[in-house]
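>>> got a sequence here, can you model it:
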Amino acid sequence: MELHDHLCRRAFLGGSAFGLGSLALSMLSQRALSMSPQDPTPTWQLPTAKAKRVVVVFLSGGLAQLDLFDEKPLLDKRRGEQLPPSVRGGERVTGLTERQGGLPVVGSKFRFVDYGKSGLRMSELLPELGSVADELLLIRSLQTDHVLHEAAMTILFTGTQLLGRPSWGAWTSYALGDQKGNLPEFVVLLSNPDPATPLHPRLWHNGFLPGRHQGVPFRSGKEPVLFVHNPPGVDDKLRRRQLDALHRLGELEAQRTGDPDAAARIAAFETAARMQTSVPELADLSDEPAEVLEMYGAEPGESSFANNCLLARRLLERGTRFVQLCDAGWDHHFMIPRRLPEKCEQVDKPTAALIKDLKQRGMLDDTIVVFAGEFGRTPYCEGPLAFDSYGRDHNALACSVLVAGGGFKRGHAHGATDEWGWAAQDDVVHVHDLHATILRQLGIDHEKLTVRAQGRDFRLTDVAGKVVPGLLG
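Numbering: from 1, shown residues only. As a prediction, this is how the structure comes out:
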């Protein structure tokens, strides 16, 4: 009977959990350590870096670039005419507009204006961004791989529409290393949630990278991080004893199993402890000068995109590497003449203020600011076609993105779409190319920034992407 106990299937599997299983976990742990950004010379590190940090202003829903960044006089002249099949080149349209039986083109209701000394041409809806036009690179020729929100968002933030991959911010945190400051390396700020296009946590997940590289969502208002304060009846001394005990238990677990997640939990507890003192001071915008609050349009204690922009600057100057500013409500299938001005008013002033503020503090040169949606919109109308009521469908072939700082060109428009605004045709930039170029400015070789998981090597740019010298100053 005793021999049977040793040989039975359950006993074998139980023993393997601490035998072969622990050996495998130990090997995985060693592999993770061997690829750690704490190594003196990571293989992906380039000799020079122009930037240290990134802010992504993500406007969820898909920007109507033909109303904001990509003026097309032909659409005004041919208003109401069908988009010629030859322009589409056999490319499918989405089911939403297939059902309406026609693809009448529509120009923009809004005027375009030459901004700055560079004469960068953008919509009248963005006068504040226009005031910093000479700091902006406008990419009019970006393309992505999908026209559905979830897939396109996932491509923008993880490099693929497949689930489970690390996010852009997690890759950046992993590659640049842990500064061991009082705040997370990667922070996510959310505003104006839209139930129609919810933002899934996979957009800031660590995937198969160590858990400490996952984005930490902060909220606007008085308590940006839930439960960061001690609970009633627990003082700092007792909390310290609890954390010390958890630290010892975590070390024992890591030694016993070799599980890398055990080390990640230890790091998470320590970061949380440091945040107890740093976050309340960070979130208190009332100590900002009145002129700074006015510049952003921020109101201390409120929840808003403007407050998040100011909070982003405070995070960056305190050592956070990657800030993901997400604003929802940009999916304009209908009523662009009414809805787009409302959204632009929410983001125009605060985004321009962030760029101005970073420049005034000497931080713009080594900070990359990206202003983007997950895809663009079509030149043809969706829904009723009227001067005061038109919409646009999703379009992956023509997107516009703004980039500022970090060694990118200033006061420059890159690339162009065809005269109908259907697809990028000159100096096309794929999302993978944008990732590769931004990583390059951070001093990272995107082809060498790889991690082996599930039997193959993975990277943010998957098996594609190239650095685009034409984007760089």
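
>>> now Val431: closest residue in space, sequence neighbours ignored.
Among residues not flanking Val431 along the chain, Thr144 sits closest, at 4.9 Å (C-beta to C-beta, 6 or more residues apart in numbering). Bear in mind the C-beta positions are built from the backbone N, C-alpha and C, glycine included.

>>> number of residues surrounding Glu302?
12 (other C-beta atoms under 10 Å).

>>> oh, and call the first residue 29 from now on, that's how I've got it
OK, 29 is where the count begins now, so the last one is Glu330.

>>> helix, strand, or coil at it?
When classified by DSSP: H, G, I helix; E, B strand; the rest coil, Glu330 comes out as coil.

>>> what do you get for Asp485?
Look at Asp485: counting by three-state DSSP, its state is strand.

>>> quick check, it in contact with Lys476.
No. Counting by C-beta atoms under 8 Å, Asp485 does not reach Lys476; the two are 10.1 Å apart.

>>> just want to know which of these two has more residues nearby.
Per other C-beta under 10 Å, whichever of Asp485 and Lys476 has more neighbours is Lys476, with 13 against 9.

>>> distance of Met323 relative to Gly433?
17 Å (C-beta to C-beta, to the nearest Å).

>>> residues contacting the nearest residue to Trp450 once chain neighbours are set aside?
Closest residue to Trp450 apart from its sequence neighbours, by C-beta to C-beta, 6+ apart: Val115 at 5.1 Å. Each residue near Val115 by C-beta atoms under 8 Å, 6 or more residues apart in numbering is listed here: 446, 448, 450.

>>> could I get the residues you listed as TSV with distance to Leu148, secondary structure and pLDDT?
Rendered in TSV, the data for the contacts of Val115 read as follows (distance: C-beta to C-beta, whole Å; DSSP: H, G, I helix; E, B strand; the rest coil; pLDDT from 0 to 100):
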residue	distance to Leu148	secondary structure	pLDDT
Asp446	21	coil	98
Trp448	22	coil	98
Trp450	23	coil	97
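
>>> for the longest strand seen in the chain, packing partners?
Longest strand of the chain, by residue count under DSSP state E: strand 404-414. Counting contacts by 3 or more C-beta pairs under 8 Å, 6 or more residues apart in numbering; DSSP states H and E, strand 404-414 is packed against helix 93-96, helix 123-126, strand 417-423.

>>> now do the buried residues in it.
404-411, 413 (16 or more other C-beta atoms under 10 Å).

>>> one more: stretch 422-436?
By 16+ other C-beta under 10 Å, the buried positions in stretch 422-436 come out as 422-436.

>>> and what of stretch 457-472?
457-472.

>>> tell me the mean pLDDT over that stretch?
Mean pLDDT, computed over stretch 457-472, is 98.

>>> and if you look at stretch 237-244?
Averaging pLDDT along stretch 237-244 yields 90.

>>> gap between it and the chain center?
14 Å (C-alpha atoms, centre = their mean, to the nearest Å).

>>> could you count how many residues lie near the closest residue to Phe333 other than its chain neighbours?
In space, Phe333 comes closest to Ser219 once its chain neighbours are excluded; the distance is 4.2 Å by C-beta to C-beta, 6+ apart. The number of residues packed near Ser219 is 21, by other C-beta under 10 Å.

>>> ok, Ser219 touching Gly357?
No. Contact status for Ser219 versus Gly357: not in contact, 9.2 Å apart, counting by C-beta under 8 Å.

>>> residue contacts, the residue nearest to Val459?
Going by C-beta under 8 Å, 6+ apart, Thr172 touches 180, 183-184, 402-403, 424, 427, 458-459.

>>> quick one on the thing from earlier: show me which pair in the buried residues of stretch 457-472 is furthest apart.
Spatial extent of the buried residues of stretch 457-472 (C-beta to C-beta) is set by the pair His458 and Gly471 at 21.8 Å.

>>> mind jotting down where the strands sit in the stretch 329-478 of the chain?
With strands called from DSSP state E, counting those that start in this stretch, the stretch 329-478 of the chain shows them at 350-355, 395-400, 404-414, 417-423, 427-432, 440-442, 444-445, 452-454, 457-458.

>>> who does the fifth one pair with, and is each partner parallel or antiparallel?
So that's strand 427-432. Partner strands for strand 427-432, per DSSP bridges, with pairing direction: strand 164-171 (antiparallel), strand 395-400 (antiparallel).

>>> what's the mean pLDDT across the helix or strand just after the first one?
Think strand 164-171. Moving toward the C-terminus from strand 164-171, the next helix or strand (DSSP states H and E) is helix 177-186. For helix 177-186, mean pLDDT is 96.

>>> and the helix or strand just after helix 177-186, what does it pack against?
Using DSSP H and E, the helix or strand that directly follows helix 177-186 along the chain is helix 196-204. On a contact count with 3+ C-beta pairs under 8 Å, 6+ apart, helix 196-204 meets strand 81-87, helix 177-186, strand 214-219, strand 350-355, helix 459-469.
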